[in-house]
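Colleague: show me the folded form of this:
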Amino acid sequence: MRAFQSIKKPLWSLGCNCRSAAPTWSEDMLLGLQVSLSVLLALVTLATVLSNAFVITTIFLTRKLHTPANFLIGSLAVTDLLVSILVMPISILYTVSKTWSLGQIVCDIWLSSDITFCTASILHLCVIALDRYWAITDALEYPKRRTMRRAAMMVGVVWVISISISMPPLFWRQAKAHEELTECVVNTDQISYTLYSTFGAFYVPTVLLIILYGRIYMAARSRILKTPCSSGKRFTTAQLIQTSAGSSLCSLNSTSHQEAHLHSGSTRSGGSPLFMNSVKVKLADSVLERKRLCAARERKATKTLGIILGAFIVCWLPFFVGTLVLAICKECWFHPILFDLFTWLGYLNSLINPVIYTAFNDEFKQAFQKLIKCRRNF
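Modeller: Coordinates of the predicted model:
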């Protein structure tokens, strides 16, 4: 989202003055630094392309992953893939050369892509958290509404908001289309757009994510504490079924049907009360084990969402704080190298997202392993 550096137009010229004022750097050293930086950023870009492409391929080829929740994850991967293909390569050239040489049209396309795709990536995290929040707080009714169509509508809203944030700068850039470009930023001193874009792309989504995650954490913690797995006494099947009401991950109806079937079978065969008690204890243990698995999944899903939220804030907070400071404080200044670091730290979030899902989602792990084995066998 380098486009938001528009608040201080002299930013890059100041950077050039800084370089010219540092004669201790020889041309060979500068060339070596540029080559090293290019290689490093190219590796980050390549890793982002491969990781997101692998997530998309895995979801597409694994029928088990064809769910509305995974559709949102796949859409996030598509958005991050677009960032790595259409935004990051040009940003490498701009970051290393410190000057724009691709013309007005490419500049407009790149700026719009930068703002749109990075904003969409951030907003995808919101709809994923919102989907998770509804799933855990309305476990009985939400699965009926959790359809592919609903997920597609959520993704559509994300893209509408993202495009509405990226479009305004294109209207006032046309007046300078005839000028030769040496920098590619949104050249405007309109603080209203900067506030609108930064709050719409980061600050409002961040507040929403924190609120959603806080409620998800409390709901998951409440559900985990209600599970009987921490207690030492045995529970009957009826007690376990009663405490499981509202669980989004565990379905105990099959267990109750199984008990009823065994009860009718034992009655016809003249089963003894001792036999019936033994069956009930075994069924209760089976349900208890399912409750333990349920609680473990709740913990893991909540932990994963927390890591995603933490990584998102670490990656994007420096950039948007710096952007807002430059918008409010006209006398403030950030070194260009520092802002480059903030920019690429934000891009790094597009690499972290698929890595987190790969590392903390068992279904994705299994699907990845199967996909790799198939490729090796092929």
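Colleague: from now on I want contacts and neighbour counts done on CA atoms only, so please keep to that.
Modeller: Will do.
Colleague: and stretch 360-375, what's buried?
Modeller: Within stretch 360-375, the residues scored as buried using 16 or more other CA atoms under 10 Å are 360, 364, 367, 368, 371.
Colleague: and stretch 206-214, by the same measure?
Modeller: 206, 209, 210, 212, 213.
Colleague: farthest-apart pair in the buried residues of stretch 360-375, please.
Modeller: Pairwise distances across the buried residues of stretch 360-375 peak at 17.4 Å for 360 and 371 (criterion: CA to CA).
Colleague: can you pull out the helices in the stretch 1-150 of the chain?
Modeller: Along the stretch 1-150 of the chain, counting by DSSP state H, counting those that start in this stretch, helices occupy 11-20, 27-61, 68-82, 88-97, 103-137, 142-145, 148-166.
Colleague: for this protein, where's the lowest mean pLDDT among helices and strands?
Modeller: Across the helices and strands of the chain, mean confidence by mean pLDDT, DSSP states H and E is lowest for helix 11-20: a mean of 35.
Colleague: ok, so what distance separates residue 197 from residue 47?
Modeller: 28 Å (CA to CA, to the nearest Å).
Colleague: ok so, going back, okay if I get the buried residues of stretch 206-214 as CSV plus secondary structure, distance to residue 135 and pLDDT?
Modeller: Formatted as CSV, the buried residues of stretch 206-214 follow (DSSP: H, G, I helix; E, B strand; the rest coil; distance: CA to CA, whole Å; pLDDT from 0 to 100):
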residue, secondary structure, distance to residue 135, pLDDT
206, helix, 20, 94
209, helix, 15, 92
210, helix, 17, 91
212, helix, 12, 90
213, helix, 13, 87
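Colleague: what's the closest of those residues to residue 307?
Modeller: residue 213 (10.6 Å).
Colleague: number of nearby residues for residue 306?
Modeller: By other CA atoms under 10 Å, the residues close to residue 306 number 19.
Colleague: and residue 333, what helix or strand is that in?
Modeller: Element membership for residue 333 (DSSP states H and E) is empty, with no helix or strand holding it.
Colleague: do the one 5 residues further on as well
Modeller: Applying DSSP H and E as the criterion places residue 338 in helix 336-360.
Colleague: show me what that helix is packed against.
Modeller: Applying 3 or more CA pairs under 8 Å, 6 or more residues apart in numbering; DSSP states H and E, we find helix 336-360 packed against helix 11-20, helix 27-61, helix 68-82, helix 273-328, helix 362-377.
Colleague: what do you get if the cut-off is 6 Å, keeping everything else the same?
Modeller: Other helices and strands packing on helix 336-360, by 3 or more CA pairs under 6 Å, 6 or more residues apart in numbering; DSSP states H and E, are helix 273-328.
Colleague: can you pull out the low-pLDDT segments for the chain?
Modeller: Along the chain, the model assigns pLDDT under 70 to residues 1-25, 172-180, 186-189, 223-302, 374-378.
Colleague: can you check what angle separates the strand or helix carrying residue 219 from helix 103-137?
Modeller: In the assignment (DSSP H and E), residue 219 maps to helix 204-226. If you take axes from the mean of the first three to the mean of the last three CA atoms, to 10 degrees, helix 204-226 sits at 20 degrees to helix 103-137.
Colleague: count the neighbours of residue 184 for me.
Modeller: So residue 184, with other CA under 10 Å, has 24 neighbours.
Colleague: and it, how far is that from residue 51?
Modeller: 29 Å.
Colleague: kindly report the same for residue 126.
Modeller: Counting by CA to CA, the gap from residue 126 to residue 51 is 21 Å.
Colleague: then residue 155?
Modeller: Taking CA to CA, one finds residue 155 at 21 Å from residue 51.
Colleague: ditto for residue 166
Modeller: Note on residue 166: its distance to residue 51, by CA to CA, is 26 Å.
Colleague: now do residue 193
Modeller: 34 Å.
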